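Participant: starting from these lines, generate the structure:
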Amino acid sequence: MVARNRNSQARMLLLAGVFLVFGGGGAAFAQTPDDPSLDLRISPSVAPLDPERAREEAILTGRDDVVLLDRRKFFTLNGALGGGYTTNAALSETDRRSDTYGVANISLRAETKIANHVDVHAEIGLSATRYEEFGGLDYSAFVSSFGAHVQWRRIDFDAAYTPIVVYDRALSERQLTQHRFVASAGRTFSLPRSTALRVSISAERINADPDPFSNSAVSASAAVGAPISRRRNIQAFASVRGVARNYDNYFEGLVGVPREDRLLEGAVGASWTPRPNVAVEARWTQSRNRSTSDVNRYRAGNGGVSLGAVIRF
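Facilitator: Below is the predicted model of the structure:
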């Protein structure tokens with residue numbers, strides 16, 4: 001009877017995710033957004049629902065027991081509030097302007113194991129970002145993730161489909177839709193003094209509307225995490241990530257060349273876990289995007305603090 005109820009709950013969650021992503025109130029897809037950095041700025045909002053990124057974060061910040069190991073609860077409600085400062089709000093190379101911002105994320109995840117070997121999940125969430133000075137950059141996004149994970153010879157293999165629908169701050173105008181397909185492989189190595197090293201590679205395909213934002217990408221990352229204070233559950237971490245992203249046809253008639261981006265990103269930070277289901281995190285991220293499209297080149301620094309919590313039921 002319990003299994004039957006859980007299967008019913010899983011179907012309801014899946015249907016809710018499909019409705020959120022594809023329903024959209026019947027409005028037509030928006031035309032090309034005026035913001036050329038929109039697809040890049042929403043990437044941090046997607047990260048919590050990306051299986052490999054979530055796995056990396058959980059291991060490096062000491063929250064693997066919260067995110068990964070406790071799978072006996074079928075549902076997990078995740079919430080986070082944060083704020084930060086960016087040196088380049090619009091991700092522009094020629095008009096870099098700093099700003100402060102606030103972020104709110106909430107998601108509901110259903111997760112179970114098949115044949116005692118394959119972990120599967122379905123997750124739906126809402127993310128909202130608000131800027132203090134440049135309100136025109138505000139956005140709200142519905143995000144979903146459906147995926148599977150298996151470990152073989154200590155290597156984690158993940159595959160996921162992540163649909164994203166991005167609106168303006170009032171949820172009145174749809175600006176961008178993405179259908180992301182990601183496959184990744186990663187492994188964690190245990191080093192002396194309880195230090196963990198995580199390395200991973202991934203391949204990604206994004207089909208977008210407007211179509212000029214459709215692209216394919218490959219990435220590689222390495223990250224290390226180590227305890228500062230075991231008694232207080234404080235962990236330090238650092239990571240570096242490289243992404244090669246090629247767009248199908250990013251307004252080539254206007255920019256004159258095919259768009260190919262090469263992103264290099266580094267981050268340092270610390271996480272404090274006062275309770276098993278609560279975490280406070282601070283980090284600074286520095287990134288540089290080299291692009292054949294001169295309107296999409298940028299350098300940016302981004303620092304912030306967030307408070308997150310999970311509830312399982």
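Participant: residue boundaries of the helices in the stretch 51-200 of the chain?
Facilitator: Using DSSP state H, counting those that start in this stretch, the helices of the stretch 51-200 of the chain run over residues 51-60, 64.
Participant: buried deepest among those, which one?
Facilitator: helix 51-60 (a mean of 23; mean count of other Cβ atoms under 10 Å). Bear in mind the C-beta positions are built from the backbone N, C-alpha and C, glycine included.
Participant: so which bits of the host helix or strand of Arg299 are buried?
Facilitator: Per DSSP states H and E, Arg299 falls inside strand 298-312. By neighbour count with 16 or more other Cβ atoms under 10 Å, strand 298-312 contains the buried residues Tyr298, Ala300, Asn302, Gly303, Gly304, Ser306, Gly308, Val310, Arg312.
Participant: dump these into TSV; add pLDDT and distance to Tyr161 as well.
Facilitator: Output for the buried residues of strand 298-312, formatted as TSV (pLDDT from 0 to 100; distance: Cβ to Cβ, whole Å):
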residue	pLDDT	distance to Tyr161
Tyr298	96	28
Ala300	96	28
Asn302	96	27
Gly303	96	32
Gly304	94	28
Ser306	94	26
Gly308	92	24
Val310	89	23
Arg312	88	24
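Participant: among these, which one sits closest to Pro44?
Facilitator: Ranked by distance to Pro44 (Cβ to Cβ), these are led by Asn302 at 8.2 Å.
Participant: ok, now which ones touch the closest one?
Facilitator: Asn302 makes contact with Gly84, Tyr85, Thr86, Thr87, Trp284, Thr285, Gln286, Ser287, according to Cβ atoms under 8 Å, 6 or more residues apart in numbering.
Participant: do the same with Asn277
Facilitator: Shown in contact with Asn277 (Cβ under 8 Å, 6+ apart): Val66, Ala309, Val310, Ile311, Arg312.
Participant: I'd like to know how far Val199 sits from Arg169.
Facilitator: 38 Å (Cβ to Cβ, to the nearest Å).
Participant: what distance do you get for Phe213 to Asp95?
Facilitator: Distance from Phe213 to Asp95, by Cβ to Cβ: 21 Å.
Participant: which non-adjacent residue is nearest Leu171?
Facilitator: Distances taken as Cβ to Cβ, 6 or more residues apart in numbering place Ser140 nearest to Leu171, at 5.4 Å, with adjacent residues excluded.
Participant: neighbours of Ile44, how many?
Facilitator: Small correction: residue 44 is Pro, not Ile. Pro44 has 17 neighbours, counted by other Cβ atoms under 10 Å.
Participant: which strand or helix spans it?
Facilitator: Pro44 belongs to helix 43-46 when elements are defined using DSSP H and E.
Participant: show me what that helix is packed against.
Facilitator: For helix 43-46, the elements it packs on are strand 99-114, strand 139-152, judged by 3 or more Cβ pairs under 8 Å, 6 or more residues apart in numbering; DSSP states H and E.
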